Each structure stands twice: as C-alpha cells, then as structure tokens.
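*Asks:* model the structure of this input:
(one chain, ligands or ions: 1)
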Amino acid sequence: NMASIKGPAPAPTSFPGAEKLRIGIVHARWNEECITPLVNGCIKNITAAGVKPENIVVESVPGSWELPFGVSRLISASQVQASSNVSDLMGATSLLDDSKPATPTTTGAKASKAALDAVIGIGVLIKGSTMHFEYISESCCSGLMRIGLDTGVPVILGVLTALTEDQALERSGVGRKGDKGHNHGLDWGSAAVEMALKTNR
Ligand SMILES: O=c1[nH]c(NC[C@H](O)[C@H](O)[C@H](O)CO)c([N+](=O)[O-])c(=O)[nH]1
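*Replies:* Here you go, the predicted structure:
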C-alpha cells in the first residue's frame, strides 16, 4: 500500500532565545491514561528546546470543555502578574487550581515574572454513544483558536478527538497494539516554543 503522505514537516531543531520563554500548559483530567503521557511529552520537547523547567506552568481543569476558560484565565493571570509587583507567579496562576511547577526546581530558581509566551491546551475526547463528543470538540477547538487570536498569545491545540480508545492511545504514544504509535504531545511542545519565538520578535 502507498506510504501515507500525512504528518508535519520536520520541526525546527534549534530555538535560539528559548531560555527566556515562559510556557503554560492547561490540561483536562479526563482519560488520564492518555493525558499523562501527552503532558509529559509536551514538557519533554519544551525543555529540550531550551525552556527552563521553572518557566513551565502546568494547570489542570475538569475536562476539555473547560480548556478555553482555563487557558484564557491563565493568560490573563500571567499578564496581571507581569504588570504588577506581585512576587509569586504561582500565587497568581492558582486562580485555576493548586498550580505546581512542571518539575520541582532543583536550583530553587524563581519562576520569571514575564507573561506567558505561549500556552498549550491538552485534552482527550473519545466518542461515546451520544453527540456530546461533537459538541465539546467543536466548542473546545474554536474556543482555543479564538483565545490565541484575541490575546495575541499563541495557543497550541493539544486536543485529541478520537473515535475509539485505540486512536487516543496511539496518538499518546501508548498504543495497546504492538505499535506504540506517536506521542503528539512532543509535537505540541515544539510548536509552542516555535510560535512563542515567532511572536516574541
Ligand atoms: O475531556 C473530556 N471531557 C469530557 N466530558 C467532560 C466535559 O469536558 C466537561 O468537563 C463537563 O461537561 C463539565 O463541564 C469527555 N466526555 O464527556 O466524553 C471526554 O471524552 N473528554
């Protein structure tokens, strides 16, 4: 059979200036078996690009429906933080929930006070027996698109809209079959850094 032509072109491999960036991740808590590897893959490529762990802010919301609201609030909280003299960024971002740095900083380095340069919304929607999936997927994706356009802060779409559990598992790199699939979180992390640098000229 013909090899598929689908898939992204190779992403940039160097991200000069990434050490100054601050990246946010807001993830839903549905379908955790996929969410966890997706978030970890995202963080892996963000740090591989040169972003400091203490400058990655991770927040969670109940489900994908809440992603646009969560991303919007995190962006505005970080902008308030950057323009005020509030010392603790985490305090500002705990508007969503008990925020925690992506990885506890060994250096004890303080998170920077700058506003977030890009945010990824991560969710996993799996088709059930009703139309619920269609309505959440459409609202979540168009909501995330709107926030990026309205705020000028790049919002990366990290939402899997899977028709079966296997589709979701394969795209999280934890496919049940022999083929482990590909963890799309990796691509979302690279996309976030690339877009942040393009926006931060
Ligand atoms: O993130 C998801 N949320 C889901 N529902 C919860 C929804 O996102 C909201 O959290 C809930 O409706 C409360 O607003 C899902 N399903 O219903 O299947 C799903 O598959 N994935």
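*Asks:* give me the neighbour count for the residue nearest to residue 16 when sequence neighbours are not counted.
*Replies:* Nearest residue to residue 16, sequence neighbours excluded (Cβ to Cβ, 6 or more residues apart in numbering): residue 197, at 7.6 Å. In this view, the C-beta of every residue, glycine as well, is placed from N, C-alpha and C. Residue 197 has 20 neighbours, counted by other Cβ atoms under 10 Å.
*Asks:* state the distance from residue 197 to residue 143.
*Replies:* Counting by Cβ to Cβ, to the nearest Å, the gap from residue 197 to residue 143 is 25 Å.
*Asks:* what about residue 121, which SS state?
*Replies:* strand (DSSP: H, G, I helix; E, B strand; the rest coil).
*Asks:* can you tell me the closest non-neighbouring residue to it?
*Replies:* residue 67 (4.2 Å).
*Asks:* before we move on, back to that, part of a helix, is the residue nearest to residue 16?
*Replies:* Yes - Residue 197: assigned to a helix according to three-state DSSP.
*Asks:* rewinding a little: state the phi and psi torsions of the residue nearest to residue 121.
*Replies:* phi -60, psi -50 (degrees, to the nearest 10).
*Asks:* can you read off the pLDDT for residue 7?
*Replies:* What the model reports as pLDDT for residue 7 is 83.
*Asks:* show me what the helix or strand containing residue 40 packs onto, helices and strands only.
*Replies:* Element membership for residue 40 (DSSP states H and E) is helix 32-48. Counting contacts by 3 or more Cβ pairs under 8 Å, 6 or more residues apart in numbering; DSSP states H and E, helix 32-48 is packed against strand 23-28, strand 56-61, strand 118-126, strand 155-162, helix 165-170, helix 184-199.
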